[in-house]
Each structure stands twice: as C-alpha cells, then as structure tokens.
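K.L.:
sequence and computational prediction follow.
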Amino acid sequence: MPMEASRDGSVPCRVVVCRDCCCGSPKVSGVDHGEQTARLAEDAPVRITDCLDVCDQANVIVVQPSSEGRAAGGRPVWFGLVNDPAATEDIAAWVRAGGPGVAALTDILDLYAFTPPRRARATPLRDTG
C-alpha cells in the first residue's frame, strides 16, 4: 500500500512487514500471518517486503515515523519475534498513539525492539505486495 499524504501534506506512520524466507512462513508456526498484516493495516498503511536479513528475529515489523514524528527526530523502529496477537495489538496501539518521535515506546514494546545489523539497516524496505 503506498504511503499517502493528507490534505495538509503530513504523512502517517507506515508499517513494513517482512514476509519472505522466514517471516510470514510456516517456519514460524502458530501465527496467522494474514491476520497480523490485516490487523496492522487497520491503523496504518502497510507494506509487505522481501527479506530484511534478520531472520533470527522472525517475524519482523518495522514502524516508520510519520512526517510529524520524523520532524521530532523519530526514526524507524524494528520489532522482532512478533509472533503473538498481543504484541501485534501493542504495535497497533503505539502506531495509533503516534509512533516513532511522537509516542513513547511502551515497556512491553521495548522488549520486542531491536537494532538490526548495519547490513539490514542498509537494505531498502522494498514493497512486494
């Protein structure tokens, strides 16, 4: 889904969901990957991407800041091991609250947040769907 600006030119948070070799596959059992993506899409534009090269953290979700959040110094936040509907809901609630640069990361979400290796950060967040 493309990122859309509002009438005033502001851009909302965008959620990038890895769905390649490990994330979104039967390798991570017990997760309804389609439901997870649909749930996140209720609160923000969602892009599906190829492998983000952090397979040991599957399922990986990256929340990119809104234009307001970026202006306030927000940067993309990477979440790993998002394999529970409650974690998905926590991410959705944080996005609704404003996400990076606007809303503080909750203690629970801080447990899922990680800094990807430099090679993964350099990988463009490609849209495949």
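P.N.:
Perfect, I can see it now.
K.L.:
so Val15 touches Ile61, yeah?
P.N.:
Yes - under the criterion of C-beta atoms under 8 Å, Val15 makes contact with Ile61 at 6.3 Å. From N, CA and C alone the C-beta is placed, and that goes for glycine too.
K.L.:
need the overlap of contacts for the two.
P.N.:
Common contact partners of Val15 and Ile61 (C-beta atoms under 8 Å, 6 or more residues apart in numbering): Leu40, Ile91.
K.L.:
strands of the protein, start to end?
P.N.:
Along the chain, the stretches classed as strands by DSSP state E are 14-18, 46-49, 61-64, 77-79, 113-114.
K.L.:
looking at these, which is nearest to Gly98?
P.N.:
strand 61-64 (10.5 Å; C-beta to C-beta).
K.L.:
from the contact counts, what lies against the biggest helix by length in the chain?
P.N.:
In the chain, taking DSSP state H as the definition, the longest helix is helix 85-97. With contacts defined as 3 or more C-beta pairs under 8 Å, 6 or more residues apart in numbering; DSSP states H and E, helix 85-97 has these neighbours: helix 33-41, strand 61-64, helix 107-112.
K.L.:
per-residue confidence averaged over the second one?
P.N.:
In this model, strand 61-64 has an average pLDDT of 97.
K.L.:
may I have the strands that pair with that strand, each with its orientation?
P.N.:
strand 14-18 (antiparallel), strand 77-79 (antiparallel) (DSSP bridges).
K.L.:
want to try a markdown table for the ones you listed, with mean neighbour count, distance to Leu52 and mean pLDDT as columns?
P.N.:
Formatted as a markdown table, the strands paired with strand 61-64 follow (neighbours: other C-beta atoms under 10 Å; distance: least, C-beta to C-beta, whole Å; pLDDT from 0 to 100):
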| stretch | mean neighbour count | distance to Leu52 | mean pLDDT |
| --- | --- | --- | --- |
| strand 14-18 | 24 | 5 | 96 |
| strand 77-79 | 23 | 8 | 97 |
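K.L.:
got those strands as CSV, with distance to Thr106 columns?
P.N.:
Listed next are the strands paired with strand 61-64 as CSV, based on distance: least, C-beta to C-beta, whole Å:
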stretch, distance to Thr106
strand 14-18, 16
strand 77-79, 11
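K.L.:
out of these, which gets nearest to Ala71?
P.N.:
Closest among these, using C-beta to C-beta: strand 14-18, at 15.3 Å.
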